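Participant: quick one: sequence and predicted model below, then my questions.
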Amino acid sequence: SFGYVELVYTLQNNMPIVAIQNKSGNFVLPDLGSVTVAIPDTLPDDLRLVITDTDSPQGYPIASFTWIIAYKEQGYRKRTKEQAQALKNLLNWTITDGQGYAIPLGYAPLSEKTVKQAKKLISELTYEGTIL
């Protein structure tokens, strides 16, 4: 039998890995590159998707995003505008400068298209109806 654990865990613990056959019929080893290319070219506007069973011939078939779910309207439950702006700044950092930490920490970086769409979603965050 075999089990599934996070790629970074296998890398940090020198665990054996196997190539898995993807939808295109190719046997692909899990690595940072095969996870990034698993991200499809067409993404939903809200980025809600699961990237398992990729159409990419070089993509690893068992992959996923790390999700951050945030309210579009940040003026809730007595949050201050400063707290809302801090969240927006953090989200922007994670998809820009923060991506520089992905590979050294054993995580696959986001595709350029994913970053572009995430920037758009982050730019739409509001506080009491006004764009932050």
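Facilitator: Happy to help now that I have it.
Participant: tell me the buried residues in the lowest-mean-pLDDT helix or strand in the chain?
Facilitator: In the chain, no helix or strand scores lower on mean pLDDT, DSSP states H and E than helix 7-12, which sits at a mean of 88. Within helix 7-12, the residues that count as buried by 16 or more other C-beta atoms under 10 Å are L7, L11. Yep, even glycine has a C-beta here, placed from its N, CA and C like the rest.
Participant: state the next helix or strand along the chain beyond that helix.
Facilitator: Proceeding N to C from helix 7-12, the next assigned helix or strand is strand 20-21, under DSSP states H and E.
Participant: give the other helices and strands that that following strand contacts.
Facilitator: Helices and strands touching strand 20-21, as assessed by 3 or more C-beta pairs under 8 Å, 6 or more residues apart in numbering; DSSP states H and E, comprise strand 27-28.
Participant: now do the strand it packs on, average pLDDT.
Facilitator: Confidence over strand 27-28 (mean pLDDT, whole number) is 98.
Participant: skip ahead from it and say which helix or strand is next.
Facilitator: Once the chain leaves strand 27-28, the next helix or strand it forms, by DSSP H and E, is helix 32-36.
Participant: give me the helices and strands touching the helix or strand just after that next one, please.
Facilitator: Later in the chain than helix 32-36, the nearest helix or strand by DSSP H and E is helix 81-95. Applying 3+ C-beta pairs under 8 Å, 6+ apart, one finds that helix 81-95 contacts helix 112-123, strand 126-127.
Participant: on that earlier part again, please compute how far the least confident helix or strand of the chain lies from its chain's middle.
Facilitator: 17 Å (C-alpha atoms, centre = their mean, to the nearest Å).
Participant: please save the CA atoms from that helix in CSV.
Facilitator: Below are the C-alpha coordinates for helix 7-12, written out as CSV (Å, rounded to 0.1, in the frame of the first residue of the first chain):
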residue,chain,number,x,y,z
LEU,A,7,5.6,16.9,-0.8
VAL,A,8,7.7,19.1,1.5
TYR,A,9,7.3,16.4,4.2
THR,A,10,8.8,13.8,1.9
LEU,A,11,11.6,16.1,0.9
GLN,A,12,12.5,17.0,4.5
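Participant: what's it packed up against?
Facilitator: Packing partners of helix 7-12 (3+ C-beta pairs under 8 Å, 6+ apart): none among the helices and strands.
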